[in-house]
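sequence isn't available, so here's the structure alone:
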Ligand code: 4NP
């Protein structure tokens, strides 16, 4: 059974699609499944934001096949690890948890590289293109760490 990882942000069109594409590119797809979702359903069914698509493509990652999905409580049963981008995502996801085991699956993604500092991946939606590259760089570092842990099973 593959290990399943879910990346979560608000709209599932900017940050978590990048996180999905980046982590997927660092893992063996026979052993791991990486998906993403948004705590809002605002953009359900849509492609990632064109700025996320362009930024990913500049780094050799194709995310055009992704479609925005709404995070649902049943995702706690479907995924082993849930990484959120910011505190607001964390609060929204935790609200839907029903067990301690559910709650333990949820982590701020930047805690992987800056433990216990509660750092957030900034929402680039209302900003310029540079915000997307900035987000990419943060997520790339965090995903390096996650991939290393997952491959060594020490998460
Ligand atoms: P994301 O960015 O959470 O990184 O996908 C956003 C996308 C859309 C909206 C907010 C944030 N929105 O309000 O529509």
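Arrived safely, thanks for sending. Please read all numbers here as calculations on a predicted model, not as lab measurements. Residues are numbered from 1 along each chain as shown.

roughly how far is the lengthiest helix in the chain from the heart of the chain?
If you go by DSSP state H, the chain has its longest helix at helix 129-152. Taking Cα atoms, centre = their mean, to the nearest Å, the mean C-alpha location of helix 129-152 is offset from the chain mean by 10 Å.

which neighbouring elements make contact with that helix?
Helix 129-152 sits against strand 3-9, helix 15-26, helix 50-58, with contacts defined as 3 or more Cβ pairs under 8 Å, 6 or more residues apart in numbering; DSSP states H and E. Bear in mind the C-beta positions are built from the backbone N, C-alpha and C, glycine included.

wait, does it contact the ligand?
No - with Cβ under 6 Å from any ligand atom as the measure, helix 129-152 is seen stopping short of the ligand, the closest distance being 7.8 Å.

buried residues of that helix, list them for me.
131-133, 135-136, 138-143, 146-147, 150 (16 or more other Cβ atoms under 10 Å).

can you lay out these as JSON lines showing distance to residue 46 and pLDDT?
JSON lines is the format used below for the buried residues of helix 129-152 (distance: Cβ to Cβ, whole Å; pLDDT from 0 to 100):
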{"residue": "131", "distance to residue 46": "19", "pLDDT": "96"}
{"residue": "132", "distance to residue 46": "16", "pLDDT": "98"}
{"residue": "133", "distance to residue 46": "22", "pLDDT": "97"}
{"residue": "135", "distance to residue 46": "18", "pLDDT": "98"}
{"residue": "136", "distance to residue 46": "20", "pLDDT": "98"}
{"residue": "138", "distance to residue 46": "23", "pLDDT": "98"}
{"residue": "139", "distance to residue 46": "20", "pLDDT": "98"}
{"residue": "140", "distance to residue 46": "24", "pLDDT": "98"}
{"residue": "141", "distance to residue 46": "27", "pLDDT": "98"}
{"residue": "142", "distance to residue 46": "24", "pLDDT": "98"}
{"residue": "143", "distance to residue 46": "23", "pLDDT": "98"}
{"residue": "146", "distance to residue 46": "26", "pLDDT": "98"}
{"residue": "147", "distance to residue 46": "27", "pLDDT": "97"}
{"residue": "150", "distance to residue 46": "28", "pLDDT": "95"}
